[in-house]
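# show me the folded form of this:
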Amino acid sequence: MYTIVLILHSWLRWFALIAVFGVLLAAIRGKVQGSQSIADRWGMFAMMALDLQMLLGLLLYLVVSPNMAEIRAHFGEAMQNPQLRFWAVEHLTAMLVAVIVAHVGRVLARKAKTTDSKRRRLLACFGVAAVAMLLGTPWPGMPAGRPLFRI
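I've put the predicted structure just below:
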């Protein structure tokens, strides 16, 4: 079960990143008018991908990952090791920030009175979410890095 959830979590990050950048691109191009605009469609896809990604990540963090079980069992020691601290705190925090800010941004954009304010809200919130996702991803070459594509 651990391997399946880990592979799904690893691959789904690409869909989440693409969807978040899809919202940003649609907002930059001004495709935010109407209730079913391109930005709204990308936003819905981003929310689904981010929510599923968060669910899989929490499942890994709290239930199925033997590495996280060991980190949680020796949390104080893990905080002194940069690699373990990344998984225990930094990755989790960055991704939670990304999910929360993206959700808030989507709600704020849907409640915006003007197209320009909707566009600015999408750019601000999904921009912050994208930066948080990029900073919290374990890219190859980092001390806690992982492969781009797990098989």
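
# so who does L84 touch?
Residues near L84 by C-beta atoms under 8 Å, 6 or more residues apart in numbering: 71, 77-78. From N, CA and C alone the C-beta is placed, and that goes for glycine too.

# could you dump those into JSON lines with pLDDT and distance to T115 added?
Formatted as JSON lines, those follow (pLDDT from 0 to 100; distance: C-beta to C-beta, whole Å):
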{"residue": "I71", "pLDDT": "94", "distance to T115": "46"}
{"residue": "E77", "pLDDT": "94", "distance to T115": "52"}
{"residue": "A78", "pLDDT": "92", "distance to T115": "47"}
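
# among those, which one has the most neighbours?
The most neighbours of any of those, using other C-beta atoms under 10 Å, belong to I71, which has 21 neighbours.

# quick one: contacts for that residue?
78, 84, 87-88 are the contacts of I71 under C-beta under 8 Å, 6+ apart.

# three-state assignment of it?
helix (DSSP: H, G, I helix; E, B strand; the rest coil).

# coming back round to it: farthest-apart pair in the contacts of I71, please.
Greatest spatial distance among the contacts of I71 (C-beta to C-beta): A78 and W87, at 8.1 Å.

# isn't L52 up against L12?
Yes - using C-beta atoms under 8 Å, L52 is in contact with L12, at 6.2 Å.

# and the contacts of L84 as CSV, adding distance to F45?
Below are the contacts of L84 laid out as CSV (distance: C-beta to C-beta, whole Å):
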residue, distance to F45
I71, 32
E77, 40
A78, 35
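
# ok, so of these, who is nearest L62?
If you rank the contacts of L84 by distance to L62 using C-beta to C-beta, I71 comes first, at 11.6 Å.
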